[in-house]
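Asker: Generate coordinates for the sequence data below:
(chains A and B)
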Amino acid sequence: MKNIFFFLFLITVSSCTKHYVATEYKFKEERLNPNLPSDETIVKIIQPYKDSLDKEMNVVLAVSDTILTKSIPESDLGNLMCDLVLKKSKDYCNCQVDFTFLNNGGIRLPNFPKGNITLGKVVELMPFENLIDIMTVNGKTLDTLFNYMAAKGGWQISGARYKIKNEKAFDVFIQGQALDLNKNYTIAVSDYLAQGGDNCTMLSYLPKTILKKSLRDAIIDGLKEMNAKGEHIKSVIDGRVQKLD
Amino acid sequence: MKRKTFIQKSFTAGALLAASSFPYEAFAKGDMRKITILHTNDQHSRIEPFPMDGGKFQGLGGFAQRAVLLNEIRKQEKNVLLLDVGDIWQGTPYFNKYGGELEFKLMSEMKYDASTIGNHDFDVGLDGFVKQLPHASFPFLNCNYDFADTPMEGKIQTHKIFKYDDIKVGVFGIGIELQGLVPKESFGGVRYNDPIANANKMAKHLKYEQDCDLVICLSHIGYKYDEKKVSDMDLAYQSKNIDLILGGHTHTFFTKPEEFANADGAKVLVNQVGWAGIYLGRLDFYFEKKRKGILMPGTPQLISK
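Answerer: Numbers count the residues shown, from 1 in each chain, chains lettered A, B, ... in the order given. Below is the predicted model:
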């Protein structure tokens, strides 16, 4: 009898503590497709910003014959960026630069379109304000760096080539010569990476010369030069990074 | 003897409830509540749709297009919660030229309810972020960054509770390790603390002290990594009292929310909608009034269509 009373008491208490419990959910992804109309209020807010921006950004820098695509371990888009940064770094510092590289996260567009390449498109590709650092590093540090790039699945480079297996780098060649652990090399690198960004800690405590030019300046200047010579953008995957597994 | 029978009956009733498909009847009778959670992440200043230039995402995205969808959904649904998971900034010249002002203005116009902070939201430094705050009518939530003695001190909330009729939804945010990812001069004196420990502490507070019916974590730590780095998957497995983790940072396109068993064996959902506002994520939660302790709380079932 006592037990029954106790239980009735419990029921009374628990019915007072009824609360809402999520029992079901439905899921839907709304894809923002090209056929959706535009909200007029939002368009009106954007318009003055857009007008002023378009004037600056719609300037055509160069013409590309093909769509370039970002991918790892090597891509035509990454090769173009690194080739331009290596070439212009030499011009800016008026010195020999052996090698440059770029983290995959530093390429901010999946594609570079065919046809006219505008300033706006380059800003989207490389939106960061990162300056170029020139560094003298020894072969041992570069060996660590190449292994780090390999472990990351392959980063984009210029002035060198390397192969990847089991997340390790091998057959590393700089300027056509096998990497010499006892030799010093001059490299051009984004100040973000030079300060240990994307966990490039092997570079963070080494001396560096900061150029007053950004990676984006190098790409813009490089494209303008090509255009002035009447050259179109032609970038290919040439096997400079090979992943063997 | 009587007591035993009663228990058996209530267990049967509970089992039947749990096994039944969507209780449309209960919903029609008004015993149920529905909350529509809408979310974006890693918008990266993609104000306009990707241009029609042959690129992978051509024609997709756009703030004005998203606003049309939002207006449609708000016409149909009474209880809508619109959330963002950070990296609002960086990616188009709109950010380089206007420093994030337009993104905040448009999100305010779209009536975002809250956002958390991504690593790229530090890209114009702490002063740059504070400068744009007056353009945001919604709060920024984070509970694992310590902003003491920085320009952002007192300007970021740890959590916010949203009330819809008799449902309470608790929302809080966590952020990624900034060291090694964001330049030191950009994040200044902001200190990073363990996201999982802080998330669990916050979720416990929301569920038990604030009596929230749904607890949502806005997480910019990333879905998962090959390397050893704390992720939403780790959070999901080690969490307690979180019902839904809305993710970001890794730009992962989910085809549906992933379900995990948390540290208590209860269900926790994780979802992320890629980047650039290509998708608007939508989760409709249905709530039933139940007596505590009869059914396991916090285990919503996915129903298709």
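
Asker: going forward, measure contacts between C-alpha atoms and count neighbours the same way
Answerer: OK.

Asker: what about the helices in chain B?
Answerer: Taking DSSP state H as the test, the helices found in chain B are B:2-19, B:24-29, B:63-76, B:93-98, B:101-109, B:125-132, B:184-187, B:195-204, B:232-238.

Asker: can you give me the strands for chain A?
Answerer: A:19-31, A:60-64, A:68-69, A:99-102, A:111-112, A:115-118, A:131-138, A:156-158, A:160-165, A:168-174, A:177-178, A:184-190, A:209-214, A:241-243 (DSSP state E).

Asker: how about those in TSV, adding mean pLDDT and mean neighbour count?
Answerer: Below are the strands of chain A laid out as TSV (pLDDT from 0 to 100; neighbours: other Cα atoms under 10 Å in any protein chain shown):
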stretch	mean pLDDT	mean neighbour count
strand A:19-31	88	20
strand A:60-64	97	20
strand A:68-69	96	20
strand A:99-102	98	24
strand A:111-112	94	22
strand A:115-118	96	18
strand A:131-138	96	21
strand A:156-158	98	27
strand A:160-165	98	21
strand A:168-174	98	18
strand A:177-178	98	12
strand A:184-190	97	22
strand A:209-214	94	16
strand A:241-243	97	21
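
Asker: Quick one: closest of those to A:D76.
Answerer: A:D76 lies closest to strand A:68-69 among the strands of chain A, at 5.8 Å (Cα to Cα).

Asker: Can you list the strands that that closest one pairs with?
Answerer: If you go by DSSP bridges, strand A:68-69 pairs up with strand A:111-112 (antiparallel).

Asker: which residues are contacting the strand it pairs with?
Answerer: Contacts with strand A:111-112, where a contact means Cα atoms under 8 Å, 6 or more residues apart in numbering or on different chains, come from A:I67, A:L68, A:T69, A:K70, A:L77, A:K121, A:L125, B:G55, B:K56.

Asker: Just give me how far that strand sits from the chain centre.
Answerer: When C-alpha coordinates are averaged (Cα atoms, centre = their mean, to the nearest Å), strand A:111-112 and its chain have centres 12 Å apart.

Asker: With stretch B:157-177 instead?
Answerer: Relative to its chain's centre, stretch B:157-177 lies at 9 Å (Cα atoms, centre = their mean).

Asker: Could you pull up the mean pLDDT of that stretch?
Answerer: With pLDDT averaged residue by residue, stretch B:157-177 scores 96.

Asker: Let's have the helices of chain B in JSON lines, adding distance to A:G159.
Answerer: What follows is the helices of chain B, written out as JSON lines (distance: least, Cα to Cα, whole Å):
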{"stretch": "helix B:2-19", "distance to A:G159": "63"}
{"stretch": "helix B:24-29", "distance to A:G159": "65"}
{"stretch": "helix B:63-76", "distance to A:G159": "41"}
{"stretch": "helix B:93-98", "distance to A:G159": "30"}
{"stretch": "helix B:101-109", "distance to A:G159": "39"}
{"stretch": "helix B:125-132", "distance to A:G159": "34"}
{"stretch": "helix B:184-187", "distance to A:G159": "30"}
{"stretch": "helix B:195-204", "distance to A:G159": "41"}
{"stretch": "helix B:232-238", "distance to A:G159": "38"}
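
Asker: Of all those helices, which one is nearest chain A?
Answerer: Closest approach to chain A among those (Cα to the nearest Cα): helix B:63-76, 4.7 Å.

Asker: Show me what counts as buried in the closest one.
Answerer: Buried residues in helix B:63-76, counted by 16 or more other Cα atoms under 10 Å in any protein chain shown: B:F63, B:A64, B:Q65, B:R66, B:A67, B:V68, B:L69, B:L70.

Asker: so which of those residues also contact chain A?
Answerer: Subset of the buried residues of helix B:63-76 in contact with chain A: B:F63, B:A64, B:Q65, B:R66, B:A67, B:V68, counting by Cα under 8 Å from any Cα of the partner chain.

Asker: Low-confidence ranges, chain B, go.
Answerer: For chain B, the stretches flagged by pLDDT under 70 are B:1-29, B:291-305.

Asker: All the strands of it, residue numbers only.
Answerer: Per DSSP E, chain B has strands spanning B:32-40, B:80-84, B:114-115, B:145-146, B:159-164, B:167-174, B:191-192, B:214-219, B:244-247, B:258-261, B:267-271, B:279-290, B:301-302. These are given in chain order.

Asker: for the fourth one, packing partners?
Answerer: Based on contacts counted as 3 or more Cα pairs under 8 Å, 6 or more residues apart in numbering or on different chains; DSSP states H and E, the elements that strand B:145-146 packs against are strand B:191-192.

Asker: Give the pairing partners of the strand it packs on; include direction for each.
Answerer: Sheet partners by DSSP bridges: for strand B:191-192, these are strand B:145-146 (antiparallel).

Asker: coming back round to it: could you export the strands of chain B as TSV, including mean neighbour count?
Answerer: Formatted as TSV, these follow (neighbours: other Cα atoms under 10 Å in any protein chain shown):
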stretch	mean neighbour count
strand B:32-40	21
strand B:80-84	22
strand B:114-115	26
strand B:145-146	19
strand B:159-164	16
strand B:167-174	25
strand B:191-192	16
strand B:214-219	27
strand B:244-247	27
strand B:258-261	16
strand B:267-271	24
strand B:279-290	22
strand B:301-302	18
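
Asker: between the buried residues of helix B:63-76, which is closest to A:N182?
Answerer: Comparing the buried residues of helix B:63-76 against A:N182 with Cα to Cα places B:F63 closest, at 54.2 Å.

Asker: Contacts only, for that closest one.
Answerer: Per Cα under 8 Å, 6+ apart, neighbours of B:F63: A:I42, B:R46, B:I47, B:E48, B:P49, B:L106, B:G277.

Asker: Looking at the contacts of strand A:111-112, which is nearest B:D31?
Answerer: For those, the nearest to B:D31 is B:K56 (45.5 Å; Cα to Cα).

Asker: how many neighbours does the closest one have?
Answerer: For B:K56, the neighbour count with other Cα atoms under 10 Å in any protein chain shown is 15.

Asker: what's around B:N41, how many residues?
Answerer: As a burial measure, B:N41 scores 34 neighbours (other Cα under 10 Å).

Asker: any idea how far chain A is from it?
Answerer: The spacing between B:N41 and chain A, counted by Cα to the nearest Cα, to the nearest Å, is 13 Å.

Asker: do the same with B:K267
Answerer: For B:K267, the distance to chain A - Cα to the nearest Cα - is 11 Å.

Asker: Contact partners for B:G54?
Answerer: If you count contacts by Cα under 8 Å, 6+ apart, then B:G54 has A:I67, A:P113, A:K114 around it.

Asker: ok, back up a step: need the strands of chain A in CSV (columns: distance to B:V171).
Answerer: Formatted as CSV, the strands of chain A follow (distance: least, Cα to Cα, whole Å):
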stretch, distance to B:V171
strand A:19-31, 15
strand A:60-64, 45
strand A:68-69, 38
strand A:99-102, 37
strand A:111-112, 36
strand A:115-118, 41
strand A:131-138, 39
strand A:156-158, 40
strand A:160-165, 44
strand A:168-174, 43
strand A:177-178, 55
strand A:184-190, 38
strand A:209-214, 40
strand A:241-243, 43
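
Asker: Pretty sure A:N104 sits against A:W155.
Answerer: Yes: in terms of Cα atoms under 8 Å, A:N104 counts as a neighbour of A:W155; the distance is 5.7 Å.

Asker: who has more neighbours, the two?
Answerer: Per other Cα under 10 Å, whichever of A:N104 and A:W155 has more neighbours is A:W155, with 23 against 20.

Asker: Using PDB, write down the CA coordinates of stretch B:147-161.
Answerer: What follows is stretch B:147-161, C-alpha atoms only, in PDB (Å, rounded to 0.1, in the frame of the first residue of the first chain):
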ATOM      1  CA  PHE B 147      38.800  38.800 -25.500                       C
ATOM      2  CA  ALA B 148      39.800  40.400 -22.100                       C
ATOM      3  CA  ASP B 149      42.000  43.500 -22.600                       C
ATOM      4  CA  THR B 150      41.500  43.600 -26.400                       C
ATOM      5  CA  PRO B 151      39.300  46.000 -28.400                       C
ATOM      6  CA  MET B 152      36.700  43.300 -28.700                       C
ATOM      7  CA  GLU B 153      36.200  42.900 -24.900                       C
ATOM      8  CA  GLY B 154      32.500  43.100 -24.000                       C
ATOM      9  CA  LYS B 155      31.400  43.100 -27.600                       C
ATOM     10  CA  ILE B 156      31.000  39.400 -28.100                       C
ATOM     11  CA  GLN B 157      28.400  37.300 -26.300                       C
ATOM     12  CA  THR B 158      29.000  33.700 -25.200                       C
ATOM     13  CA  HIS B 159      25.400  32.600 -26.000                       C
ATOM     14  CA  LYS B 160      21.900  33.800 -26.700                       C
ATOM     15  CA  ILE B 161      18.600  32.200 -25.900                       C
END
